[in-house]
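Asks: Test case, fold it:
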Amino acid sequence: MKLNILNYKHVLAIAFMGLAVCISSCKDDEEGITGFRLDKESIELPDNGGEVALQISTNERWTASSDADWYMITPANGEGSAVCVVKADSSYMYTQREGLITFRTVSGEYTVKIQQGGYERAIKFESLQDDTLHVPHYKPLDEAYVDIEATANVSYKVVIPETAREWLYFKDENSPKYEEEFNAETTIPRKQKVRLYFKTHIEWDSERRADLQYIETGRTDGIVSEVGVIQEKAPRIIPSRTGDSLALLTVARMLNVGVPWNTSRPITHWNNVKTRPVTYTYNDGTIEEERTEERVVGFTLSMIETKESLPDQLKYLDQLETLAITSNSNSYIKEIELGDVVTTLKKLKSLSLFGYGISKLPASIGDMENLEELNLSANTFQSLDDVIKPLKNLGPKLKYLNLASCRIVDGDATKNLADTPNGIDPVSGRHIGLTGTLPKEIFTYFPNMEYLNLSYNYLHGQVPDLAKTDFEGGEILPKLKYLSINLNRFTGKLPQWMINHEYRGCWGAAILILNQEGRDYEGDLSGFDNEREFTDNMPDCPTDEEEEAQLLNLPILNDAEKAVAAEFSAKYPWEKYGNNCPIYGNWRYYNRIK
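Replies: Next up, the predicted model:
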């Protein structure tokens, strides 16, 4: 134990001797320094802040002071040599700023110049190569956007050029807009994102491009940066079996239905798509030849979401005979002008746009060579003239016309049309829908009409009288086996041509003819004065051998189609099948199946 104590004392003695030597050495060094010296005359600090060491060599007492509050020096006083640290935060200026540190000693004053560079005004795109962004020709509606990140230290706005606003947009809640603004709270560059939405590109021969401008605001000499947006071109569609598949998928995407088919299966097995072997001329610009293969002759899409007319890709489905695109979301608040693309389908016989939101038809629809059946129910027409005039040239070809349920507003005021002057709802300020008197031409223009549905609108006045001289064949609508005018505001007497019509017994008088509601624009209670004359001696609905033969050849509805038809009929009791058999066409016949 005594040995350990002696060893410990020995170690302590050696340590104290070493410390004494060190102190003596340092004192000798400082005693060798006279005056006051600094290792730097100036210090440059980075714009994002930082610190720099400053070596003081002296044997004097000293103090340091700064002339600005954006930097500091520590320690600020001392005796003898020391290492000081000069610190500064990020600059908040676009220009360089300067300061001066003054050291005071008994021998005089010494200064160090402090400089910090300002941030250059800039809008940059660090994540983009060549400031260019590439987007695909298609994405599902809820994925059709890109986020663009900019690093900036100025306030700016992002502007979509006028020429690109048909396919690029920002969103303000659910509405499109074409400018976004960002305010800079500091000169320190900050990252900010803007979400850019894009629409499907349908052209296969070229991509499309737009240059978004990032414009500094608040200055007349502000900087302008650009981001190029390039959308790839769509795949080429050639009318053929393969082209039909591409066209169907593109149409579904454009209408925001997604992909309603199992594309791993042949198109002949796709739901609500009808195909048939067709001989046609294939032409891809290089090869032109006759081919016979399965082509799409009918299809239906429902529960769509669009504010636009039918997609342009429909034109590639040139063998279509039956087409139904129905049930657009919020269709009653939309006013869509139907484009010409559907009129290019020369073989189309049956067209249903039930609940699409159409308010105007193209003049060319009257030139369709084979169109026989047209369902325009639940759209936003305001006058029958908007429908009849474009359809006039269809003349005797048109056999089925459905204009039921074209009500835009259905409220308390519409129960009495006198409360809706000029067809305007006083509560919402919107037009109430299809109103006006019934023009004679809706009958005389289409002498071969077999099915006419005008139910559940705001039509008023008297049903016009017709004479045999109004028709070239001398007979008044001899094939009209279905007529529905119920739930309107008709008054007066039913005309004699209806009372004496051969198919009066087929019309379902109690529900489809006599059942009116509300009051007209004069405030008069709707209804007919001669109901008994119309219903007395009501004949049975005559059978038609030609019709019976047609019915026997129609495809039988499957369980799913029957269920949809039943649901539709429950909602609209004046319609048995309505638009629920579109894939097969021949809607006027299906509607008569008991």
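
Asks: next SSE after the strand or helix carrying residue 181?
Replies: Counting by DSSP states H and E, the element that carries residue 181 is strand 179-182. Sequence-wise, the next helix or strand downstream of strand 179-182 (DSSP H and E) is strand 190-198.

Asks: Note down every partner strand of that next one and its orientation.
Replies: strand 145-152 (antiparallel), strand 168-172 (antiparallel) (DSSP bridges).

Asks: Just the strands from the stretch 51-200 of the chain, written as ranges.
Replies: 61-66, 71-74, 77-79, 82-88, 97-105, 108-116, 123-124, 132-135, 145-152, 156-159, 168-172, 175-177, 179-182, 190-198 (DSSP state E, counting those that start in this stretch).

Asks: quick check: angle from the fifth one to strand 61-66?
Replies: Translated: strand 97-105. 160 degrees (axes from the mean of the first three to the mean of the last three C-alpha atoms, to 10 degrees).

Asks: residue contacts, residue 449?
Replies: Applying C-beta atoms under 8 Å, 6 or more residues apart in numbering to residue 449 gives the contacts 398, 399, 400, 401, 443, 477, 479, 480. From N, CA and C alone the C-beta is placed, and that goes for glycine too.

Asks: now do 6 Å
Replies: 477, 480 (C-beta atoms under 6 Å, 6 or more residues apart in numbering).

Asks: returning to what we had before: residue 502 is nearest to which of the strands of the stretch 51-200 of the chain?
Replies: Closest to residue 502 of the strands of the stretch 51-200 of the chain, according to C-beta to C-beta: strand 175-177, at 54.1 Å.

Asks: quick one: the nearest residue to residue 348 once chain neighbours are set aside from residue 152, how far?
Replies: Excluding the flanking residues, the one nearest residue 348 by C-beta to C-beta, 6 or more residues apart in numbering is residue 320, at 5.4 Å. Noted for residue 320: a distance of 51 Å to residue 152, by C-beta to C-beta, to the nearest Å.

Asks: So which of the two has more stuff around it?
Replies: residue 320 (25 against 21; other C-beta atoms under 10 Å).

Asks: Confirm for me that the more buried one is in contact with residue 345.
Replies: Yes - contact criterion C-beta atoms under 6 Å: residue 320 and residue 345 qualify, at 5.1 Å.

Asks: how about residue 222, phi and psi?
Replies: Dihedral pair for residue 222: phi -60, psi 160, per degrees, to the nearest 10.

Asks: How about it: what's its closest non-neighbour residue?
Replies: residue 216 (3.0 Å).

Asks: Ramachandran angles for the one you found?
Replies: phi -60, psi 140.

Asks: Look up how far residue 122 lies from it.
Replies: Counting by C-beta to C-beta - residue 216 and residue 122 are separated by 10 Å.

Asks: and if you look at residue 108?
Replies: 44 Å.

Asks: What of residue 286?
Replies: 51 Å.

Asks: More neighbours: which of the two?
Replies: Each of residue 286 and residue 122 has its neighbours counted (other C-beta under 10 Å); residue 122 has more, 15 against 5.

Asks: buried ones in stretch 373-392?
Replies: For stretch 373-392, the neighbour count (16 or more other C-beta atoms under 10 Å) marks 373-382, 384, 386-391 as buried.

Asks: Across the sheet, point out what pairs with the residue nearest to residue 222.
Replies: Beta-bridge partners, per DSSP bridges, of residue 216: residue 156.

Asks: count of neighbours near it?
Replies: So residue 216, with other C-beta under 10 Å, has 20 neighbours.

Asks: Tell me which residues touch it, please.
Replies: Contacts of residue 216 by C-beta under 6 Å, 6+ apart are 154, 156, 222, 223.

Asks: my guess is the first one contacts residue 121, does it?
Replies: Yes - the pair residue 154 / residue 121 is scored as a contact, 5.1 Å apart, by C-beta under 6 Å.

Asks: So residue 488 sits against residue 459, correct?
Replies: Yes - counting by C-beta under 6 Å, residue 488 touches residue 459, with 4.3 Å between them.

Asks: what does stretch 533-545 rub up against?
Replies: Contacting residues not belonging to stretch 533-545 are listed as 494, 499, 505, 506, 509 [C-beta under 6 Å, 6+ apart].

Asks: what do you get if the cut-off is 8 Å, keeping everything else the same?
Replies: 481, 494, 498-499, 502-506, 509-510, 513-514, 528.

Asks: quick one: low-confidence ranges for the stretch 151-300 of the chain?
Replies: Applying pLDDT under 70 to the stretch 151-300 of the chain picks out no residues at all.

Asks: And the helices in it?
Replies: Applying DSSP state H, counting those that start in this stretch to the stretch 151-300 of the chain gives helices spanning 241-254.

Asks: and if you look at the stretch 301-450 of the chain?
Replies: Under DSSP H, counting those that start in this stretch, the stretch 301-450 of the chain gives helices at 385-391, 441-444.

Asks: now those in a markdown table, with mean pLDDT and distance to residue 311?
Replies: Putting these into a markdown table (pLDDT from 0 to 100; distance: least, C-beta to C-beta, whole Å) gives the following:
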| stretch | mean pLDDT | distance to residue 311 |
| --- | --- | --- |
| helix 385-391 | 96 | 21 |
| helix 441-444 | 97 | 30 |
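
Asks: Residue 68: which of those helices is closest?
Replies: helix 385-391 (74.8 Å).

Asks: got a list of contacts for that closest one?
Replies: 359-363, 365-366, 374, 376, 381, 398, 401, 403, 436, 439, 441-442, 445-446.

Asks: List of residues touching stretch 34-44?
Replies: In contact with stretch 34-44 (C-beta under 8 Å, 6+ apart) are residues 52, 54-60, 62, 86, 103, 105, 107-108, 110, 112-117.

Asks: what's the first-to-last distance across that stretch?
Replies: One end of stretch 34-44 sits 28 Å from the other (C-alpha to C-alpha, to the nearest Å).
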